[in-house]
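Novice: Show me the folded form of this:
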Amino acid sequence: MAILTYGLWERRYSKDQGIIGRTIRVDGVQTNVIGVMPDGLSFPSPNNFVDLWLPLTPGPTTERREARNLLVLGETVGDLGASQVSAALDVAAKNLAQQYPDTNRDTMIVAKTFRDQFFGAQNISVFQLMLGAVTLVLLIACTNVSNLMSAQALKRTREVSLRLALGAGRMRIVRHVVVEALMLSSISAVLGLLLALVGVKAFAASIGTTGPRWMDYSMDYRVVAYFVLVAVATGVLSSLFALHRSLTADISTFLKDGGAATGVRRKYLSGALIVAETALAVVLTIGSGLTLRSFLRVYQSSIGVNADDVLTMRLTLPASRFQGPAQQNAMFDRVVREFQTVPGVASVSVATTLPSANTVSMAGEVEGVPVIDPKLRPSMRSLAVSEGYFQVWGLRAVSGRVFTETDGTNGLPVAIVNQAFANTFSPQRDPVGQRVRLFTRETPGPWMTVVGVIPNVVQDDPNGLQRYPLVYVPFRSRPRASAVIALRTTVPPQSIGRALRAKTQTLDAADLPLTAMLTMEERLHQQHLFREWIAVLFAIFGGVALVLAAMGLYAVVAHAVEARSKEIGIRMSIGASPMNVTRLVLTSGVRQVAIGLAVGLVVALFASRAIGALLVAVSPADPATFAISSVVMIGAAVLGCLVPVRRAVRLNLVTLLREQ
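Specialist: The predicted structure is shown next:
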């Protein structure tokens, strides 16, 4: 029996034919299709699409008590949490350890929520941080709107005073302002929504199929509703708040001095808003700079191999036909020989995994190095590779030699170690000639003679920074039904994919599929894609924050120039130079930016700790990032002041003094 996804059915069978009840061949076994699931369903793992579900049948790999290769999913009763379930399972694990000490000793059972298991606590914290970043951008935008509405209300102070003096009702003026704010907010909301739709589609298109498969880039109605509500509420509330002073103050005072007192109060309020806006922009800019620097550190780090012109793929032998090590070795040998005959292929290798991927961690022991506690043997990464592995990845032995065709089949067991192994376990002498063995639980493997030392290659560290002790063993000594194949080519790697598939069909027409055929560069890009995705989004948030802060400062300085135009005209008429006028205009703006920058740096120093877990090789208090962000913020502030400063310097004195 089998269940297919609708996507697989749609791709391989026409809709009118149907698939339920038909027989398909899976791993050499005929099976009947009993159902079709919705397209895109990837349960249980949201990170990988699933095309086919088969019933779990007992077998040698699942019936052994020491087997740990199954995932157990369950539904809790009531409001039980993961910690409570883990406590109950811990009791069961202890009971099993007493009943079966050989297989269950020191074995724990840990329960996790579905979200934590498949999305990870770190990824969840990323989205929480992005929500915080969006909130900061929203606060900056609201601050800008409040400033602009306040400035607009101050300009209309005399108009409001005159209308009140002529008998207009306060509610009528309020209705007028609310309608005006609703119109402006609605138009802005529509334009912003259109821009968001275009931006989301463009971002999704740039990610393509290489992004996280569980991500949905469509606009949710709740997001749209929230967006429209915030846009409209911000415009209306800001207008009403700005209008409040005009409606509650003494009319005669407004008519006498044009609202000068209110202008002074508004000046301090506007300055406080600019300080807050600058501080928020600085916090977001520093956060963006830290994530961007962290991504660049990871992206530019070398994994220790030459990844250019290398094509990788996975080959899985049908378990029903290749059950023993001899059959598996023989087939992989045939595959390597056939692939080497393909034009454009320089060398071929087979391994249990690829560089930068996860490896098997095993307890190990070096001959001559005393073991204090058998339960605390040092951990060693282990990787089974064929003799062509080091040639494919451009690795040469630092000392000793690499594997040959006879290693793993005849003679004494051999192994190759990396430089980190040599530095850790044999710092005083060359490890070539020493013996090492690996343990499967408490069972020791054979002693292996070290025949070579190679440079460090990154394994088990997605950030590409750690170099763990690594033991390479010949693939023939540890064969398996599934392995990765890597080929170094003299032509574009993807151009030989069809020829490779044709070669496998000549070996076995139906049951040797080559899956996950990607260049190593593509794999490394996918490996860093999520971190790149985070860095790009935070960079966008930081850029938007800078633009909004510059626009807000521009509005405040421009209004200050307009309000002080008479003063500026008088100063210029009595001999003030353009430099004096520039200094006068910039003083208040620069002061507010300086205060906001200082506040923002202090807040960012504490807030940056929240993203410390996401940073790699970058401190949350990185001085370079703080300095660069400060310079960028100052530059944005200067750009925001340029236009008002030029307008102040170019004021027409005769016209200005005549109008005043």
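Novice: tell me, which helix in the protein spans the most residues?
Specialist: Once the chain is assigned using DSSP state H, the helix that runs over the most residues is helix 260-300.
Novice: Just the mean pLDDT for that helix, thanks.
Specialist: The pLDDT scores in helix 260-300 average 77.
Novice: chain center to it, what's the gap?
Specialist: 24 Å (Cα atoms, centre = their mean, to the nearest Å).
Novice: Counting by contacts, list what that helix packs against.
Specialist: For helix 260-300, the contact count by 3 or more Cβ pairs under 8 Å, 6 or more residues apart in numbering; DSSP states H and E identifies helix 121-155, helix 221-248, helix 529-563, helix 578-607, helix 623-649 as packing neighbours. The way it works is simple: take the backbone N, C-alpha and C, and place the C-beta from them, glycine included.
Novice: What's the end-to-end length of stretch 406-419?
Specialist: According to Cα to Cα, to the nearest Å, stretch 406-419 extends 24 Å from its N-terminal end residue to its C-terminal end residue.
Novice: out of the helices and strands packed on helix 260-300, nearest to Ser379?
Specialist: helix 121-155 (22.6 Å; Cβ to Cβ).
Novice: Going by neighbour count, list what's buried in that closest one.
Specialist: Taking 16 or more other Cβ atoms under 10 Å as the basis for neighbour counts, the residues of helix 121-155 that come out buried are 123, 126, 129, 132-133, 136-154.
Novice: quick one, that helix and helix 221-248 angle?
Specialist: Relative orientation of helix 121-155 and helix 221-248, computed by axes from the mean of the first three to the mean of the last three Cα atoms, to 10 degrees: 30 degrees.
Novice: tell me the angle helix 121-155 makes with helix 260-300.
Specialist: 150 degrees.
Novice: How far off centre is helix 121-155?
Specialist: From the chain centre to the centre of helix 121-155 is a distance of 22 Å (Cα atoms, centre = their mean).
Novice: partner strands of the helix or strand just after the longest helix of the chain, parallel or antiparallel?
Specialist: If you walk from helix 260-300 toward the C-terminus, the next helix or strand you reach (DSSP states H and E) is strand 310-316. Here the strand partners of strand 310-316, with direction, are listed using DSSP bridges: strand 482-489 (antiparallel), strand 514-519 (antiparallel).
Novice: quick one: average pLDDT of the shortest one?
Specialist: This points to strand 514-519. Within the predicted structure, the mean pLDDT of strand 514-519 is 86.
Novice: Would you mark the buried spots in that strand?
Specialist: Judged by neighbour count using 16+ other Cβ under 10 Å, the buried positions of strand 514-519 are Leu514, Met517, Leu518, Thr519.
Novice: Same check on the first one?
Specialist: Buried residues in strand 482-489, counted by 16+ other Cβ under 10 Å: Ala483, Val484, Ile485, Ala486, Leu487, Arg488, Thr489.
Novice: Distance to Phe626 and pLDDT added to those, as TSV?
Specialist: Rendered in TSV, the data for the buried residues of strand 482-489 read as follows (distance: Cβ to Cβ, whole Å; pLDDT from 0 to 100):
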residue	distance to Phe626	pLDDT
Ala483	48	90
Val484	43	92
Ile485	47	93
Ala486	43	93
Leu487	46	93
Arg488	44	93
Thr489	46	92
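Novice: what's the spacing between the residue lying farthest from the centre of the chain and Leu584?
Specialist: The outermost residue of the chain, judged by C-alpha distance from the chain's mean C-alpha position using Cα atoms, centre = their mean, is Leu166 at 61.4 Å. Relative to Leu584, Leu166 is positioned 38 Å away (Cβ to Cβ, to the nearest Å).
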